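sequence unknown, structure follows:
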């Protein structure tokens, strides 16, 4: 068994940060579907703006809203306007190509990469 990249949302812009929420990252449902992410799925958030990395889980946001909201303590590490990469992994003995998507400056799907 190996831990393999399953999903990637590349160059998303954080739209909100809510430190008073219990925790997680809220992601536009359309982007979740394109990248094969499920509510509650564990993800690695890589902040390309400041270098921070953290693990959390996904909450489903409104479809086509462009929302990428850092919740809870992660809102202190990743701020609105930061550019992030969101990664999910799978433990598998099969090699499957990951779903990797690129978004524009409004977090709208551009293309698979």
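Here it is on my side, so go on. This structure is a prediction, so every number in the text was calculated from the model and none was measured. Numbering: from 1, shown residues only.

gap between residue 75 and residue 12?
According to CB to CB, to the nearest Å, residue 75 stands 15 Å off from residue 12. No exception for glycine: its C-beta is placed from N, CA and C like everyone else's.

residue 107 too?
Here the criterion is CB to CB. By it, residue 107 lies 5 Å from residue 12.

what's the overlap in contacts for the two?
A shared contact of residue 107 and residue 12, defined by CB atoms under 8 Å, 6 or more residues apart in numbering, is any residue touching both; here these are 31, 68.

count of residues packed around residue 94?
Counted with other CB atoms under 10 Å, residues neighbouring residue 94 total 8.

more crowded one of residue 75 and residue 12?
Under the neighbour definition other CB under 10 Å, residue 75 and residue 12 were set side by side, and residue 12 has more, 27 against 20.

these two touch, right, that one and residue 34?
No: in this structure, residue 12 is not within contact of residue 34 by CB atoms under 8 Å, at 11.7 Å.

quick one, longest strand in the chain?
Using DSSP state E to assign secondary structure, the strand with the most residues in the chain is strand 2-13.

list the contacts of that strand.
When contacts are defined by CB under 8 Å, 6+ apart, strand 2-13 is touched by residues 27, 31, 35-37, 48, 68, 81-93, 95-96, 98-103, 105-107, 113.
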